[in-house]
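A.B. asks: Mind looking at a prediction? Sequence and model below.
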Amino acid sequence: MTDYLSSIRKQFEYYKMLGEKTFAQVSDEQLFWLYNEESNSIAMIVKHLWGNMLSRWTDFLTSDGEKEWRKRDEEFENDIKTREELLNKWNEGWNCLFKALDGLTDEDLSKEIYIRNQGHSVIEAINRQLAHYPYHIGQIVFIGKMLCDNSWDSLSIPRGNSKTYNEDKFAKPKQKQHFTDEMLKPEN
């Protein structure tokens, strides 16, 4: 696997982890909370990501990324009923993405694919999704942070701890970044 594909996979894994660490902090009821009728719940965002991932990554190199069977508007209807159902959709989407990524070769990166009949290089299509998914996962994290309020366990450097965190990092020798649990913590 090329450095690009390996790096992209790690980035997707990182954002998947942020979503999962948020799910772990909110109650079952909070997964379905809506700020107002125009907003999305965590469950609705998961359903949208699931639909997008299945559409974009199924037959990634051979069919348009906007599948005829996708019902995008229905992704924003809150019909997920349980945490288990939410996690099943979450994992099904990510499994589809990772299976497609893991099947790519260096030669595939220069190929052209289509999303809504618009041509993209494979790299452009991957980068498009790497921008789209973190956008929505950021929404999930923000909703989780609002709902948990003072009980929120920061997914990045907690407020007021930047100096201590940086002192610890700079006290260690320089090293190549490997995604360990410690390093998967975002540095905001």
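C.D. replies: It's in. Numbering: from 1, shown residues only.

A.B. asks: for the helix or strand in which residue 146 is found, the distance to its chain's centre please.
C.D. replies: Per DSSP states H and E, residue 146 falls inside helix 122-148. Offset of helix 122-148 from its chain centre (C-alpha atoms, centre = their mean, to the nearest Å): 5 Å.

A.B. asks: Could I get the buried residue list for that helix?
C.D. replies: 122, 125-126, 129, 133-134, 136-137, 139-141, 143-145, 147 (16 or more other C-beta atoms under 10 Å). Bear in mind the C-beta positions are built from the backbone N, C-alpha and C, glycine included.

A.B. asks: you'd agree residue 94 is up against residue 53?
C.D. replies: Yes - using C-beta atoms under 8 Å, residue 94 makes contact with residue 53 at a distance of 6.8 Å.

A.B. asks: can you map out the strands along the protein?
C.D. replies: 112-115, 118-121 (DSSP state E).

A.B. asks: How far off centre is the last one?
C.D. replies: With C-alpha atoms, centre = their mean as the basis, strand 118-121 stands 22 Å off its chain's centre.

A.B. asks: And stretch 32-52, by the same measure?
C.D. replies: 14 Å.

A.B. asks: what does that stretch contact?
C.D. replies: Stretch 32-52 has contacts (C-beta atoms under 8 Å, 6 or more residues apart in numbering) with 19, 22-23, 26, 30-31, 70-72, 74-80, 86, 89-90, 92-93, 129, 132-133, 136-137, 139-140, 143-144, 147.

A.B. asks: let's go with 6 Å and repeat that
C.D. replies: 31, 70, 75-76, 78, 80, 86, 89-90, 93, 136, 139-140, 143 (C-beta atoms under 6 Å, 6 or more residues apart in numbering).

A.B. asks: now the strands of the chain as JSON lines including mean pLDDT and distance to residue 43?
C.D. replies: What follows is those, written out as JSON lines (pLDDT from 0 to 100; distance: least, C-beta to C-beta, whole Å):
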{"stretch": "strand 112-115", "mean pLDDT": "97", "distance to residue 43": "25"}
{"stretch": "strand 118-121", "mean pLDDT": "96", "distance to residue 43": "29"}
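
A.B. asks: nearest to residue 165, of these?
C.D. replies: When those are compared by C-beta to C-beta, strand 118-121 sits nearest residue 165, at 37.8 Å.

A.B. asks: Give me the below-cutoff pLDDT ranges for this protein.
C.D. replies: 1, 177-188 (pLDDT under 70).
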